[in-house]
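K.L.:
Let me see the structure of the following:
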Amino acid sequence: PPQRYERKRWTPPEPVGNTLRQRVEQKERELGLRCDDMVCGVAPSDEDPTPAALQSQSGTKRITIRAAYDGHGNECEHSFHPGCLVTSARVAGTTGEDEFQDEDEGVQVACPACRAVGSLTRAEWDEGA
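P.N.:
Residues are numbered from 1 along each chain as shown. The predicted structure is shown next:
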């Protein structure tokens, strides 16, 4: 009698690396088109591959969150378009309206990527507003 083989249950192969979308987004970050915000509002998308915001000089500008206490150095390694960071801060509940007592004082914000708390200057906030 012929020998019967037991069938193995099929499982998908192990992933080789990043998906195509992850590789494209990483390249966009390297070129300055996409910031570290999860929902970057300036970066190209499937619906709008060449957004108007990227045509201007401020479209590729990126800022970092400064340490909250001394204002020197960065709180984390992430960088953001000013508009993306201000939008994320507003979603988190920071309005920026009553936050500034004088021009030198910053507004407290949390990094949308790692939640480190730091500050932005009035000029950075206004640029993203």
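K.L.:
Tell me where the protein has helices.
P.N.:
Secondary structure of the chain (DSSP state H): helices at 20-30, 82-91, 122-128.
K.L.:
would TSV of these with mean pLDDT, mean neighbour count and distance to Val107 be doable?
P.N.:
Glycine gets a C-beta too; all of them are placed from N, C-alpha and C. Putting the helices of the chain into TSV (pLDDT from 0 to 100; neighbours: other CB atoms under 10 Å; distance: least, CB to CB, whole Å) gives the following:
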stretch	mean pLDDT	mean neighbour count	distance to Val107
helix 20-30	90	12	25
helix 82-91	90	20	8
helix 122-128	85	18	6
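K.L.:
Figure out which of those helices is closest to Cys40.
P.N.:
With CB to CB as the measure, helix 82-91 is the member of these nearest Cys40 (5.4 Å).
K.L.:
So which elements touch that closest one?
P.N.:
Judged by 3 or more CB pairs under 8 Å, 6 or more residues apart in numbering; DSSP states H and E, helix 82-91 is in contact with strand 107-110, strand 117-120, helix 122-128.
K.L.:
Pipe those into CSV and attach distance to Val24 per row.
P.N.:
As requested, the helices and strands packed on helix 82-91 are exported to CSV (distance: least, CB to CB, whole Å):
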stretch, distance to Val24
strand 107-110, 27
strand 117-120, 29
helix 122-128, 25
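K.L.:
Can you check which of the ones you listed gets nearest to Gly41?
P.N.:
If we rank these by CB to CB, the stretch that ends up nearest is helix 122-128, at 10.4 Å.
K.L.:
Quick check, central residue of the protein?
P.N.:
Here the mean C-alpha position of the chain is nearest to the C-alpha of Asp37 (CA atoms, centre = their mean), at a distance of 1.5 Å.
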